[in-house]
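Participant: sequence and predicted model, in that order:
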Amino acid sequence: MKPNGIITLITDFGMSDPYVAMMKGVILSINPAAIVVDVTHQIGSGFITQAARIISETFPFFPRSTVHVAVVDPGVGTARRLIALSAEGHFFVGPDNGIFWPVMERRGAEKIIHLTESRFFLPYTSHTFHGRDVFAPVAGHISLGVGLEEMGTTITDPTPLSLPLPYSKENILYGQVIHVDNFGNLVTNIGDDELRKFLESGRPHIHVGRLLVYGLNDIYADVDRGQPLALINSSRLLEIAVNMGRACEYVGVPNENIVGTTVMVRKS
Amino acid sequence: MKPNGIITLITDFGMSDPYVAMMKGVILSINPAAIVVDVTHQIGSGFITQAARIISETFPFFPRSTVHVAVVDPGVGTARRLIALSAEGHFFVGPDNGIFWPVMERRGAEKIIHLTESRFFLPYTSHTFHGRDVFAPVAGHISLGVGLEEMGTTITDPTPLSLPLPYSKENILYGQVIHVDNFGNLVTNIGDDELRKFLESGRPHIHVGRLLVYGLNDIYADVDRGQPLALINSSRLLEIAVNMGRACEYVGVPNENIVGTTVMVRKS
Amino acid sequence: MKPNGIITLITDFGMSDPYVAMMKGVILSINPAAIVVDVTHQIGSGFITQAARIISETFPFFPRSTVHVAVVDPGVGTARRLIALSAEGHFFVGPDNGIFWPVMERRGAEKIIHLTESRFFLPYTSHTFHGRDVFAPVAGHISLGVGLEEMGTTITDPTPLSLPLPYSKENILYGQVIHVDNFGNLVTNIGDDELRKFLESGRPHIHVGRLLVYGLNDIYADVDRGQPLALINSSRLLEIAVNMGRACEYVGVPNENIVGTTVMVRKS
């Protein structure tokens, strides 16, 4: 697998501090031809499951053999391992805290390496910024064609991540809100396939807090302005929205608590 | 017109979600040499006129034959057309909702294409994310040199956009605030030429809500710290500012309502 | 010193306005092969010392002969000079308002040029946006190899910047909070070397407002969740943090006033 020079970054660093720029400087110092793409730097502090979900949804839209770097690393400096892996034709670099679990779970990783060869790190490695001192230089070297196996030792026991899964009980499908997007739309963990299997040929009644939606629509404009609707979104997940409005304001739950709110689907 | 490989993006997606990165992944999958530049992703949700104004002000600073992609598309999935056009030596790709009207109005588009050739789209096209599934791949193909006419059928009736225009009545020039920038400056829709024509050799008295400014200055530091002033800004529009302060806080109108506030210019 | 084509940008323009994109368009119009990297655009309006500190911390992570452009320029349009300089193997372009002082102070600038040759500017130069009209095109030309001395006249009296320095008095080391980062960590102006010299073999007691921390740790996870700690951060500065929490919320000072808060270090 020959790298294509593209490196994506996802972190919880925000956009005000120079931390992301330092990582880009390190990468360009190693591979001046690297193309660095920001996925997002607005992950909630230490919110590993959110980053894990976004990586798993986003990487397939990049060309094969892109290098994806993830730095959501509340345990920075502890004994947690630093890893690089190849899976589904892409490379991934970050902490071994479950952040790549959804990627590995799908079809398994081809190879997972515990990064121990410090000659691929910055000469001086801080205790608190492995994104800059380890992950950025490692990604730069991978993008130049250095093989993963040169960088450390193979492991087979990556740290798993426990993600909430939907389940059905007494003819109700239970899921939860996993994300509120920029438009206030409520993204759930209920996938297209699970929903169809549960509904068979029935029509869904969906409850999220105070919001109640009947049926499934194709597009936001299927309902009147200000009306709620449910649809299968562009990531093939059940999403609750309000046409030209912000669904998150109708749930009756403070915004900071909406992620995790139960979604109940009945059928008729 | 040979494309130069540069593609700009303007959306209302914000910086937290991975939507913009997905578009970049799609573009780089088609044209690995594309140079993607973010204009802004902080357009208010569905605020077409704001995006239209920014595109029209920004594109002339890019090299000729840049491709500009705009995804502010509250009608995504409805019957609204998806278009690509060439105008003033640049390419534009987005929904036919008026977002490129100010660009076309100036000197007219050379060619406007209704995008119908789905072989230039992603193989699977969602109902709710045409930015990723249609506009990004189309922009990638244009940046590789695919001709607009290969991508669909010519149209001559693009959707217009009604932008508020200044007018004078009983010796008062009326305009409105169209933007509050990052510094709290109030950008109006009154252009340099219109203002000069109205003022002749007079001196302006400018009212915006509770703010009253006399005369025109060249630079912010022409007045004392904390004092208001008016000037012709770098986009050749009348702007009301406060030196080292935020003019938007002196208008007496809540921030979310300042855009649209009437600006009155008298002369003496 | 041959430029490498990389140009970094740091401004107080925010991410909503198209000002940064206009600068990128201007740069790419002059050097289509330029690689433009954002350091941050979220500098507080006119907060020169914050930008100065970030530039000085960030530039060493970029390859030698990168061009760094800084536009935090509250005096735009006044008689303040526009300068370009070379120092420590890098190029810097911006207003002569002290923003590059920490870079020059360290080992001195090799050459400082007052930018007077307007053929390297945009043909039309506004009074209020020198970032776009002067600094961006000058950076573009430098990245193509134009020598600094062609662009103006050498000066030797750059405007200094007065940055707060730590000092010790009656066996107490006094410093201040100079930055609150995205994680709520309190970065101080007390460097690793100064702290060690003051402590000798003692153990520090650190006060910041209501926060009291004993000792120095290596990593955040050295203390229990929610507990405060002090460490030397990845920029070799004393930093006060709370493991998995936001130290800024424990100081007892409103967030907007924390920068500048006194830090007192005693020893035992």
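Facilitator: Okay, I see it.

Participant: so which residues of the stretch 51-200 of chain A form strands?
Facilitator: Shown for the stretch 51-200 of chain A, the strands assigned by DSSP state E, counting those that start in this stretch span residues A:67-71, A:82-87, A:90-95, A:111-115, A:152-154, A:167-169, A:172-180, A:186-191.

Participant: which stretch among the ones you listed comes nearest chain B?
Facilitator: Among the strands of the stretch 51-200 of chain A, strand A:172-180 comes nearest to chain B, with 8.1 Å by CB to the nearest CB. The C-beta positions use only the backbone N, C-alpha and C, and glycine is treated the same way.

Participant: give me the sheet partners of the closest one and which way each runs.
Facilitator: Sheet pairing for strand A:172-180, assigned by DSSP bridges, gives strand A:167-169 (antiparallel), strand A:186-191 (antiparallel), strand A:262-267 (antiparallel).

Participant: tell me which of those is the most buried.
Facilitator: Stretch with highest mean neighbour count among these: strand A:186-191 (a mean of 23; mean count of other CB atoms under 10 Å in any protein chain shown).

Participant: report the distance from that strand to the chain centre.
Facilitator: Put simply, strand A:186-191 sits 14 Å off its chain's centre (CA atoms, centre = their mean, to the nearest Å).

Participant: looking at the strands paired with strand A:172-180, which is closest to C:Met104?
Facilitator: Closest to C:Met104 of the strands paired with strand A:172-180 is strand A:186-191 (CB to CB; 49.5 Å).

Participant: the residue of the stretch 1-150 of chain A found nearest chain C: what's it in contact with?
Facilitator: Chain C sits closest to A:Gly77 of the stretch 1-150 of chain A, with a gap of 3.0 Å, by CB to the nearest CB. Neighbour list for A:Gly77: A:His127, A:Thr128, A:His130, C:Asp218, C:Ile219, C:Tyr220, C:Ala221 [criterion: CB atoms under 8 Å, 6 or more residues apart in numbering or on different chains].

Participant: can you do 7 Å?
Facilitator: A:Gly77 is in contact with A:His127, A:Thr128, C:Asp218, C:Ile219, C:Tyr220, C:Ala221, counting by CB atoms under 7 Å, 6 or more residues apart in numbering or on different chains.

Participant: next, format the strands of the stretch 51-200 of chain A as CSV and append distance to A:Ile240 and mean pLDDT.
Facilitator: Below are these laid out as CSV (distance: least, CB to CB, whole Å; pLDDT from 0 to 100):
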stretch, distance to A:Ile240, mean pLDDT
strand A:67-71, 28, 98
strand A:82-87, 31, 97
strand A:90-95, 31, 97
strand A:111-115, 37, 97
strand A:152-154, 43, 97
strand A:167-169, 18, 95
strand A:172-180, 8, 95
strand A:186-191, 4, 96
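
Participant: closest one to B:Lys24 among these?
Facilitator: Short answer: strand A:67-71, nearest of these by CB to CB, at 12.9 Å.

Participant: and that closest one, which residues are buried?
Facilitator: Across strand A:67-71, burial judged by 16 or more other CB atoms under 10 Å in any protein chain shown covers A:Val67, A:His68, A:Val69, A:Ala70, A:Val71.

Participant: and if you look at stretch A:49-62?
Facilitator: So stretch A:49-62, judged by 16+ other CB under 10 Å, has buried residues A:49-59, A:61-62.

Participant: what of stretch A:16-34?
Facilitator: Using 16+ other CB under 10 Å as the test for burial, stretch A:16-34 gives A:16-31, A:34.

Participant: narrow the residues you listed to those in helices?
Facilitator: Cross-referencing those against helices under DSSP state H gives A:Tyr19, A:Val20, A:Ala21, A:Met22, A:Met23, A:Lys24, A:Gly25, A:Val26, A:Ile27, A:Leu28, A:Ser29, A:Ile30.
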